[in-house]
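*Asks:* Need coordinates for the following:
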Amino acid sequence: TGVVPFVALLLLQRRPVAGRALLVSGSGCPSHGLCRSNVQEQTRRQVAVLNATAQELFSLYLKCQGEPFSTESDKLCNPAGIFFPAFRVNRTSERKEVMVAMYKLFAFLNASLGNITRDQEELNPMAKELLERLHNTTKTTRGLISNLTCLLCKNYNIFQVDVRYGDSSKGKSAFKKKQQGCQVLRKYVQVIGQAARVLLPHLSPS
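*Replies:* Predicted coordinates for the structure are as follows:
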């Protein structure tokens with residue numbers, strides 16, 4: 001599978017790393033001239049799609065894991081014990097701050113989706129609908145990261161954003177892999193709605 005701009009090396013790291021934006025000169029932005037003319041509208045659509053499909057993905061994931069996940073999701077999928085990027089921006093935050101927070105969120109999600117998809121291909125290889133939804137969500141997320149990368153570079157000369165990732169599930173038991181996946185997806189459902197409400201006004205046509 002491919003990797004997205006600026007986070008290729010970070011995706012290979014299993015240990016969490018600190019998240020902070022690094023400012024560089026505009027000449028250092030490789031994507032500066034690669035923005036599509038409709039990049040803001042495309043970004044709006046991608047966030048809206050992720051928001052609209054998150055709950056369905058989580059519900060299907062639970063169904064495919066079987067017991068006890070399908071009946072005890074409140075307890076088993078409580079995301080309190082896992083790392084997830086802090087999302088402290090709101091509608092009144094500066095646009096640059098919102099865009100950096102979004103990048104960190106969706107870069108984390110992209111790596112997590114790769115982790116979950118790998119585990120589900122191993123644990124539930126016949127769950128075609130789930131695997132298809134995971135792949136489609138990953139595809140949309142990668143497209144969104146590409147657009148956020150372009151907007152950060154073009155508008156704010158932000159060339160690189162360091163992203164903190166959660167732990168890899170490699171080497172864990174089947175139960176722990178399933179649990180980690182449902183914890184991440186449940187938190188994703190909670191955060192994506194907030195992210196959409198915050199981001200979309202910042203991408204409204206002038």
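*Asks:* Name the nearest residue to the most centrally placed residue in the chain, ignoring sequence neighbours.
*Replies:* Closest residue to the average C-alpha location of the chain: residue 109 at 2.3 Å, with Cα atoms, centre = their mean. Distance criterion Cβ to Cβ, 6 or more residues apart in numbering; nearest residue to residue 109, sequence neighbours excluded, is residue 141 at 5.7 Å. For the C-beta atoms, the positions are set from N, CA and C on the backbone; glycine is no exception.
*Asks:* which residues does the one you found contact?
*Replies:* 46, 50, 106, 109-110, 113 (Cβ atoms under 8 Å, 6 or more residues apart in numbering).
*Asks:* now the host helix or strand of residue 144, how far from the chain's geometric center?
*Replies:* Taking DSSP states H and E as the criterion, the element that holds residue 144 is helix 128-156. Averaging C-alpha positions (Cα atoms, centre = their mean, to the nearest Å) puts helix 128-156 8 Å from its chain's average.
*Asks:* mind listing what's buried in it?
*Replies:* Neighbour counts over helix 128-156 (16 or more other Cβ atoms under 10 Å) mark 130-131, 133-134, 137-138, 140-154, 156 as buried.
*Asks:* which residues of the chain fall in helices?
*Replies:* Counting by DSSP state H, the chain has helices at residues 8-11, 39-65, 73-76, 95-123, 128-156, 174-202.
*Asks:* tell me what the fourth one is packed against?
*Replies:* Spelled out, that is helix 95-123. helix 8-11, helix 39-65, helix 128-156, strand 158-161, helix 174-202 (3 or more Cβ pairs under 8 Å, 6 or more residues apart in numbering; DSSP states H and E).
*Asks:* Give me the neighbour count for residue 42.
*Replies:* If you count neighbours by other Cβ atoms under 10 Å, residue 42 ends up with 18.
*Asks:* Return the distance of residue 90 relative to residue 202.
*Replies:* Separation of residue 90 from residue 202 (Cβ to Cβ, to the nearest Å) stands at 11 Å.
*Asks:* Between those two, which has more neighbouring residues?
*Replies:* residue 202 (20 against 11).
*Asks:* Count the neighbours of the spatially closest residue to that one that is not a sequence neighbour for me.
*Replies:* Nearest residue to residue 202, sequence neighbours excluded (Cβ to Cβ, 6+ apart): residue 95, at 4.9 Å. For residue 95, the neighbour count with other Cβ under 10 Å is 15.
*Asks:* likewise residue 41?
*Replies:* By other Cβ under 10 Å, neighbour count at residue 41 equals 14.
*Asks:* Perfect, that will be all.
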